[in-house]
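1. sequence-free structure coming up:
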């Protein structure tokens, strides 16, 4: 998998510093410092440099963290498997302030491919490896039972992002550590 030279810059969000990565095609990554899979595709030594796209990303994030739905277009460049890209494209269709389940995404992919079903766990793996946090809203994906599992940036950030988007948090819960069947409410 050949990729273009990637460049990086930083953004200070109310939830912590974020690393942005981009190449000549578009935004390739946006991670909270220390999150799972942090900057994994940048092992080849990206160069820190200001690009015009980083200013657009900052505008998008500034609006977002003010609690507004951003209307700034960001060119995205997904780097991953064909399946991951398919899942990430579906994530981009989830409206601001709304959620979807892993199972619903799996059903969409199965229908598109003409399959009887698709694994929600496989979808969860792809969602968890989304490299463009917040803008590609993996935080919008929840368990069928209302569980707030699976956010590489941490459950606390997922709760804060959903709350910022005015999602009704009454129907969700944070699972107990090591269990997907907890019953703590948010």
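-> That came in fine, so what should we check first? Just so we're clear, the structure is a prediction, and the values are computed from it rather than from any experiment.

2. CA only for contacts and neighbour counts going forward, please
-> Will do.

3. The lengthiest helix in the chain - contacts with which helices or strands?
-> When the chain is parsed with DSSP state H, its longest helix is helix 52-65. Judged by 3 or more C-alpha pairs under 8 Å, 6 or more residues apart in numbering; DSSP states H and E, the packing partners of helix 52-65 are strand 7-13, strand 16-22.

4. Report all helices and strands that the last one contacts.
-> Here strand 16-22 touches strand 7-13, strand 27-32, helix 52-65, going by 3+ C-alpha pairs under 8 Å, 6+ apart.

5. Relative to residue 126, how far out is the residue lying farthest from the centre of the chain?
-> Here the chain reaches farthest from its C-alpha mean at residue 116, the gap being 26.9 Å by C-alpha atoms, centre = their mean. Going from residue 116 to residue 126 by C-alpha to C-alpha, to the nearest Å gives 20 Å.

6. Residue 20 now?
-> As judged by C-alpha to C-alpha, residue 20 and residue 126 stand 20 Å apart.

7. Which of those two has more residues huddled nearby?
-> Neighbour count, other C-alpha atoms under 10 Å: between residue 20 and residue 126, residue 20 has more, with 26 against 20.

8. what's across from that one in the sheet?
-> For residue 20, the beta-bridge assignment (DSSP bridges) gives partners residue 9, residue 30.

9. Return the residues in contact with the nearest residue to residue 59 once chain neighbours are set aside.
-> Counting by C-alpha to C-alpha, 6 or more residues apart in numbering, residue 59 lies nearest to residue 72, which is 7.2 Å off, once chain neighbours are set aside. Shown here is residue 72, whose contacts under the criterion C-alpha atoms under 8 Å, 6 or more residues apart in numbering are 56, 59, 60.

10. Could you confirm residue 72 falls within a helix?
-> No - if the criterion is DSSP: H, G, I helix; E, B strand; the rest coil, then residue 72 is coil and not within a helix.

11. Quick one: distance of the following helix or strand past the longest helix of the chain to the chain centre.
-> Downstream of helix 52-65, the next assigned helix or strand under DSSP states H and E is helix 82-91. When distances are taken as C-alpha atoms, centre = their mean, to the nearest Å, helix 82-91 is centred 11 Å away from the chain's centroid.

12. Residues in contact with helix 82-91: which ones?
-> Identification of contacts with helix 82-91 by C-alpha under 8 Å, 6+ apart yields 78-79, 105, 109, 123, 126-127, 129-130, 136-138, 140.

13. Going by neighbour count, which residues of that helix are buried?
-> Applying a neighbour-count criterion of 16 or more other C-alpha atoms under 10 Å, one finds 84, 85, 86, 87, 88, 90, 91 buried in helix 82-91.
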